[in-house]
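>>> Sequence below, structure please.
(3 chains)
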Amino acid sequence: MNEAAPFLEISDLCVTRSGTIELDHLSLTLMAGDSVVVIGETGCGKEALLRALGGFPDRNEAISGTIRFAGHEPRHASRRLRPPVRTAYLPNPRSHPFAPQASVLSQLSRVVARKLNAPLASAREELRLALERFAGAPTPALLDCTPAQLDPVSMAWGLLAAAMAQTPEFVLADHAFADLGPIAVKALLHALNEERKRLGFTLLYITGGLQPTARLDARILVMRQGKIVEEGDAPRLMSGHAHAYTRTLYQAMPLLSLERPKRKTARGQPLLQVHGLMLRLPDPAEEHASRETLSFELRRGASLALVGEEGSGRRRLMRALLGLERAPAGRVVFDAVDLNILSEAMVERLRRRVAFITGTDEALDPRMSLWDTVDEPLRAHLDLSRDLVSGYREGALKRVGLASHNGRRIAGTLSAFDKRRLQVARAIVGAPLLTVVDEPLLGLDAFAQTIMREVLKDFRVTQGSAFLVITSDFTVAQALADDAMVFKAGKIVERGPIVDILREPKQPATRELIEAVTLGAPDLSQATASV
Amino acid sequence: MLEYAARQAGRLALGLLGAVVIAAAVSAVGMPHARGPLPFLAAASHRLFDFVRLDFGHSAISGLPAASELAANLPATLALVGTGGFLAVLVGVPLGFLFSISSARRAAAPMTQLVTAVPVFCAGLAIAYGAVHLLHWPVSVNAAADARIFADGAFPMAAPAVLTVGFAGAAAVQLALRRAASLSSGEAFRTGLKRMGLSLLEIERIYVVPRVLAGLAASAGEILLSLFSAAVVAEWVFHRPGAADLFVKSVALEDWNMAALIVAVFAALTLLAEFLGRIAAHAIAHGDAP
Amino acid sequence: MPAQTISPSLARTLLRATGWCGLGLIAIAVALSDFLARAPAGAVGMGAMLEAPSADHPFGTDLLGRDLLSETLHGLSVTTIHALIAALVAIILGGLAGAVAARLPRPLGQSARGIIGVFAAVPALLIAIIIIGLSSRGLAPLAAGLAAAPLAFVRAFDRVDTQSSHAYYARASGIAAATLLRRDLIYEFRDTLASVAARALAAVTIILSTVSFLGFGATPPARDLGLMIAAAKTTYLSAWWTASFPAVALIALIFFARMAAGLEEGERP
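Down below sits the predicted model:
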């Protein structure tokens, strides 16, 4: 291959879909071995770019322009042809890329076999070798189960290994590691970066979040409305000497702060009192089968973050606190009532003062209209006049920025960002005593994340509801809570005010979680210096 | 898998018990002294007790034991349902797959709707008309034709009834297939695997077809239901003796012992087919087809 | 226009609209049947015996010289009205009850599902025949509705997703089961009532006409289409029109109802 010639040349690429412009005369040149991260909001055109490059544009897209790979004739971008170079596609495991009834390992092996034109057995061997190269990746045996039985992080490792086993020349990563939790994302991005150095492929990574821009040694393209508004490397774009759009993008990047916040709350009555709660029965096989129990208090208006990775037991504690699941031992007193002695019906009455804001948008009934969704807590629990209901509803929708939406729109047709804000509006009208905020930024792009964070902060300050924040991201925890409990493998390893934890993390698990979200700056002191 | 099979077996057992209870109730209705709720309950439980001892009573028409009467008639019906079912799978599966391809589906949809909107008895009469006028077969819809008149009459005599049942079965089979195919047509894994590099044919063959077949297997009970309904009509239209025909006559002449037993047997067979279909679907959908 | 250029949702809407238009036409024919028919129901000797279709008798005449056009119109009206009653019974006792039962406390709902499930394992035709045999032929519409109800019950029950995460979160924030049931009824029925009703209409029409054909349905002088076709059995091999026109009317009713319901059972509107 001629080193001087560009690996990929895109000229004048235009994509329109039913009248909307997705890509606007985009031209781009990549050299062999280049690594490029394309970042932008949802709908900025990055997906259309990826589809055109991969040779799988949507059927209802009108496309013009040409794409030329090194050593090949330029071809019209609208043709549904696979790229003439060995191309690996890296999807996000949350986009359900696997057939549900078959084993993930067998599907990945089949992909590798197909791409290498090799028999299944040798493809499986290639996949095993690739998995072995990654520290922290699951073994092939662990991947040998259906997608439903597998966690997304293991699937992401499998997908990465399958892509690398193809010894690709070109890798298209489609939000590949979004929403997998900071620790996993860091490890996966590190592995991808190392593999790129080893194999020398060209990488195009499209993303809505900022993690990949900071962790891959890559050229960053900032896209907006089908155009590239800026390109450069991470330090320059973060420095502040950039296009206004890029500046706002990077302002959105949350940083940890070591400053002690003014404690504004927690003087009120206790809302939740936990005495000797045991989250799981001691495992008799364990050597130190200690009966670990938990006691703490959450006051009205206070806020507690449960920080840990997926599956570390945060939600189990939350369910025990709300009486959704009986803990083996211990007492939970909610609003001065012991949940253990209440009937199910009474617990249900108590839970009327609990609201949920979750990262899974399935928490909303997809059949209900926007207005009905917000009205339901009012109608179900209170006897209010029509005017009062619509007044509360209007107020709540205004607070989250949904007031201008058509109220009869069905929740299932809303975007992820709108659904998330709708959940907040629904929580606001319920005037909850306790709000459970569960990974609230999942699946949102950087801009939406910023707004969502502000909406939640505003909610917390003005409503005076206590917050129980479930997250794997210390920046989210710090934005929404004062105290934290750090979870690791079903146990609480550290607890206390967040600033204290950040200043002096005592456990390796905590340190790992903190390091996973210190973007751009390798150590914490620099991160705080830039605040 | 074992746990699933055990759960399904439990459901089957409960279903069979339910079928026997229903049969006991139906047969108790016919008893002259079972008027009013309490006598009825007493009669029904008495009948249930008889059923458990495998005493199914006597037919009010022939005076023979109901069980032996059924044993004489059931094989003919089962043969009819079996051959009809075979024909249904033979015709319905290719048609179902053809119609589940999205472009063919839209073009063929009104046509399939029209064909499957034909009630079985109309289809039976149409088949008889065709057999008489086009093939000149000795088919009669008004009286039982005597097979001895025609030396080679066995096939033309049986064919229209089998065709009628097969027609109804094929409609049910292709509907079940199309339903399963439409459920898996919008799934994200097609796009995911395609973009990762598998060919469309490979994805369909290895990952989609097993799911669709599993869907078909899961509808086995429903398909058998339509086959039994069709058998009732076919035996009646073409004057073929069989359990289904016997059922119609029993109800018409208020022979409730006989009717109850036939209903129980049909329900049991359907529940059994549903059970086997569910197990097969579970096995197909969870193993990776080679 | 070739099928490929029409978007799938538009094609579906067009097909369903065709179905509803067809049902509308049938409704008009039923409403005006006394006006459109040349002879009152069952009037014998309007023409010669078994007269082939002609200008005088566009559908021909039957064995008793009854004008088949008039008879078909009357039969269609009887069948349609009976089918509407039966569909109503099936929807209320089947679909509605199934949706409600799914939101009952789990043991209660599951046992109801189990009991009704046994009835759903008996062909609806046999259930209808037994019910009519036990009561009277005048109750055929009710019997057909009752016979179709178990399957409708089971379908509606299974359709309610009690494990859905929105229901979980609703319960976790103190929303009562009654409110969830209200959601199911309002939203599910808003979205699907029309197609559920049309599908039920098609299903009970088949049961009703088959039952009549076998001699358990409508009693003369009120003849429905199934009974007309049964009566034509003796003549239709030589006089095709005696069975064909009632059959076409019957198939049209079922066909349009199916079209109005949408193409597939599993399809969501």
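>>> Would you pull up the residue in the stretch 151-300 of chain A closest to chain C?
Using C-beta to the nearest C-beta, the single residue of the stretch 151-300 of chain A nearest to chain C is residue A:272, 15.2 Å away. (Each C-beta comes from the backbone N, C-alpha and C, glycine too.)
>>> Run through the residues that contact that residue.
Going by C-beta atoms under 8 Å, 6 or more residues apart in numbering or on different chains, residue A:272 touches A:297, A:298, A:321, A:332, A:333, A:334, A:434, A:466.
>>> and the fifth one, how far is that from residue A:321?
What it means is residue A:333. Per C-beta to C-beta, to the nearest Å, residue A:333 is found 10 Å from residue A:321.
>>> Looking at the two, which has the bigger crowd around it?
The residue with more neighbours, out of residue A:333 and residue A:321, is residue A:321; 23 against 16, by other C-beta atoms under 10 Å in any protein chain shown.
>>> Using the three-state scheme, assign the residue of the stretch 151-300 of chain A closest to chain C.
Judged by DSSP: H, G, I helix; E, B strand; the rest coil, the three-state class of residue A:272 is strand.
>>> ok, now how distant is it from residue A:434?
7 Å.
>>> Quickly list what's touching both of the two.
With C-beta under 8 Å, 6+ apart, residue A:272 and residue A:434 have common neighbours A:298, A:334, A:466.
>>> Can you list which of these are found in helices?
Counting by DSSP state H, no part of those is found in helices.
>>> From these, pick the one nearest residue A:129.
Using C-beta to C-beta, residue A:298 comes nearest to residue A:129 of the shared contacts of residue A:272 and residue A:434, at 49.6 Å.
>>> Name whatever forms a beta bridge with the nearest residue to that closest one once chain neighbours are set aside.
Leaving aside its chain neighbours, residue A:298 sits nearest to residue A:272 (4.1 Å; criterion: C-beta to C-beta, 6 or more residues apart in numbering or on different chains). For residue A:272, the beta-bridge partners are residue A:298, residue A:334 (DSSP bridges).
>>> thinking again about what came up before, quick one, grab the pLDDT at the residue of the stretch 151-300 of chain A closest to chain C.
On pLDDT, residue A:272 comes in at 88.
>>> What about residue 142, how many residues nearby?
Just so you know, I chose chain A. So residue A:142, with other C-beta under 10 Å, has 16 neighbours.
>>> could you do chain C instead?
As a burial measure, residue C:142 scores 17 neighbours (other C-beta under 10 Å).
>>> Grab the nearest non-local neighbour of it.
In space, residue C:142 is closest to residue C:89, 6.0 Å off (C-beta to C-beta, 6+ apart).
>>> how about that neighbour, what does it touch?
C:141, C:142, C:144, C:145, C:146, C:149.
>>> for residue A:105, same thing?
By C-beta under 8 Å, 6+ apart, the contact set of residue A:105 is A:124, A:127, A:140, A:143, A:144, A:145, A:158.
>>> Now flag whichever of those residues is closest to residue A:367.
residue A:145 (32.8 Å).
>>> ok, that closest one touching residue A:107?
No - using C-beta atoms under 8 Å, residue A:145 makes no contact with residue A:107, being 11.4 Å away.
>>> Counting neighbours, what do you get for the spatially closest residue to residue B:73 that is not a sequence neighbour?
Spatial nearest neighbour of residue B:73, excluding adjacent residues (C-beta to C-beta, 6+ apart): residue B:243 at 4.4 Å. Using other C-beta under 10 Å, residue B:243 has 28 other residues around it.
>>> Quick check: the gap between residue B:243 and chain C.
Residue B:243 is 11 Å from chain C, where distance means C-beta to the nearest C-beta, to the nearest Å.
>>> any idea how far residue B:266 is from that residue?
To residue B:266, residue B:243 is 8 Å away according to C-beta to C-beta.
>>> Check residue A:102 too.
Residue A:102 is 37 Å from residue B:266, by C-beta to C-beta.
>>> Residue A:50 now?
Distance from residue A:50 to residue B:266, by C-beta to C-beta: 57 Å.
>>> And these two? Which one has more around it.
More crowded of residue A:50 and residue B:266, by other C-beta under 10 Å: residue B:266, with 27 against 21.
>>> Model confidence score at that one, please.
On pLDDT, residue B:266 comes in at 93.
>>> residues touching it, list them.
Residues near residue B:266 by C-beta under 8 Å, 6+ apart: B:228, C:122, C:123, C:126.
>>> give me the residue from the stretch 51-200 of chain B nearest chain C.
Across the stretch 51-200 of chain B, the shortest distance to chain C (C-beta to the nearest C-beta) belongs to residue B:117, at 3.9 Å.
>>> count of residues packed around that residue?
Residue B:117 is flanked by 22 other residues according to other C-beta under 10 Å.
>>> Kindly indicate whether residue C:41 is helix, strand or coil.
With three-state DSSP as the criterion, residue C:41 reads coil.
>>> make that residue A:304, sorry
Residue A:304 carries the three-state label strand when classified by three-state DSSP.
>>> Quick test: name the residue nearest the centre of the chain.
All of this is about chain A. residue A:179 (2.5 Å; C-alpha atoms, centre = their mean).
>>> nope, chain C
When C-alpha atoms, centre = their mean is applied to chain C, the residue found nearest the centroid is residue C:201 (2.3 Å).
>>> tell me which element that residue falls in.
Using DSSP states H and E, residue C:201 sits in helix C:189-213.
>>> again with residue A:454
Using DSSP H and E, residue A:454 sits in helix A:446-463.
>>> Neighbours of residue C:52, how many?
Using other C-beta under 10 Å, residue C:52 is surrounded by 12 other residues.
>>> Let me see the backbone angles for the nearest residue to it once chain neighbours are set aside.
Excluding the flanking residues, the one nearest residue C:52 by C-beta to C-beta, 6+ apart is residue C:60, at 5.3 Å. Here is the backbone geometry of residue C:60 (degrees, to the nearest 10): phi 80, psi -170.
>>> Quick one: name the residues of the stretch 151-269 of chain C near chain A.
Residues of the stretch 151-269 of chain C lying close to chain A by C-beta under 8 Å from any C-beta of the partner chain are C:164-167, C:169-176, C:179, C:183, C:187-188, C:191.
>>> Show the low-confidence segments of the stretch 1-150 of chain A, by residue range.
Low-confidence segments of the stretch 1-150 of chain A (pLDDT under 70): A:1-4.
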